[in-house]
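Colleague: I'll drop the sequence and a predicted model, then ask my questions.
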Amino acid sequence: MRSSAINASMRDGSSGLASSTGANTTDLYVQEGLVGFSGPIGDFQMNVTTGFSSPLLGDEGRMDLFNVSFSGGSGTLTLELWDTGFETEGNATRFHTLLGGTTDGLVEIATYADDDGDAFSTEYLLASGIYDGSSTLDGIAFASDQTTDLSVDQLAGGYAMGIRATITHSYGDVTSFDVDLQSASAVPEPATALMAMLLLLLSSFCRMPRRRCH
């Protein structure tokens, strides 16, 4: 079983949530692989944030950040969820970022990986998006599905991955979103590799002299 530590932070000039290991009493949960906060922070009158990772989501590379925020004033809040101790499988690593939500304000979301295995280090940007509902009457809905491969030259051995979201609100704005980040080997599935080999053989056969391909 991998050695890891799920970490989360909230910043608006003050510090909020820290670690699911019990290092910060603002964490709502004692369960390993789960961290959460509920309450006011700065100009944000109410914030509910929950982060999930290993071993709760299994030993494979996966983490999920959920948030709902309501502001009683104007301000910016940055949320981060990180986990360490993931291991590559000797091949390129594929990262899949799925996200969706709604906002009356401005939301910037990005996912990262770090080859040194350091939490809160943004060595490789995996996916990103900016979603602006501040100029609309009723806000916007948003969604994104992005995939990034990192080669063994970029990422080998132990690594960390994380999610960062920055919310900018005016008075009365509401934002909610969920970000799911997964990692796995980028080696093709056996069926996909077999199909590629068959297509290559068929192509070679069709190019042979004095043969007709039917």
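Modeller: Good, I have the coordinates. If you're wondering where the values come from, they're calculated on a predicted model, not measured in any experiment.

Colleague: hey, let's count contacts and neighbours off CA atoms from now on
Modeller: Noted.

Colleague: what's the next secondary structure element after whichever strand or helix holds M46?
Modeller: Applying DSSP states H and E as the criterion places M46 in strand 44-52. Going down the chain from strand 44-52, the next helix or strand is strand 61-70, by DSSP H and E.

Colleague: what is the rounded mean pLDDT of that next one?
Modeller: Mean per-residue pLDDT for strand 61-70: 96.

Colleague: partners of the strand holding M46, with directions?
Modeller: Take DSSP bridges as the rule and strand 44-52 pairs in its sheet with strand 34-41 (antiparallel), strand 61-70 (antiparallel).

Colleague: deepest of those strands, which one?
Modeller: strand 61-70 (a mean of 22; mean count of other C-alpha atoms under 10 Å).

Colleague: hang on, the earlier thing: buried residues, the strand holding M46. List them.
Modeller: F44, M46, N47, T49, T50, G51, F52 (16 or more other C-alpha atoms under 10 Å).

Colleague: Please apply the same query to stretch 72-89.
Modeller: 72, 76-88.

Colleague: got it, and stretch 153-170?
Modeller: 155-156, 158-170.

Colleague: Let me see the confidence value for the residue nearest in space to the middle of the chain.
Modeller: Nearest to the geometric centre of the chain sits L181, at 3.5 Å (C-alpha atoms, centre = their mean). Reported pLDDT at L181 in the predicted model: 98.

Colleague: returning to what we had before: now, the buried residues of stretch 153-170 that are in strands?
Modeller: G158, Y159, A160, M161, G162, I163, R164, A165, T166, I167, T168, H169 (DSSP state E).

Colleague: dump the residue contacts of the second one.
Modeller: Applying C-alpha atoms under 8 Å, 6 or more residues apart in numbering, one finds that Y159 lies in contact with T84, G85, F86, E87, T88, A113, D114, D115, D116, G117, D118.

Colleague: Identify the farthest-apart pair in those residues.
Modeller: T88 and D118 (14.9 Å; C-alpha to C-alpha).

Colleague: Tell me what D114 is bridged to.
Modeller: With beta bridges defined as DSSP bridges, D114 has these partners: A160.

Colleague: Run through the strands of this structure in chain order.
Modeller: For the chain, applying DSSP E gives strands covering 7-11, 34-41, 44-52, 61-70, 75-87, 93-103, 106-114, 124-132, 140-150, 158-169, 174-185.

Colleague: Format those strands as CSV; extra columns: distance to L28.
Modeller: Shown next, in CSV, are the strands of the chain (distance: least, C-alpha to C-alpha, whole Å):
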stretch, distance to L28
strand 7-11, 12
strand 34-41, 5
strand 44-52, 9
strand 61-70, 14
strand 75-87, 15
strand 93-103, 23
strand 106-114, 24
strand 124-132, 28
strand 140-150, 28
strand 158-169, 19
strand 174-185, 18
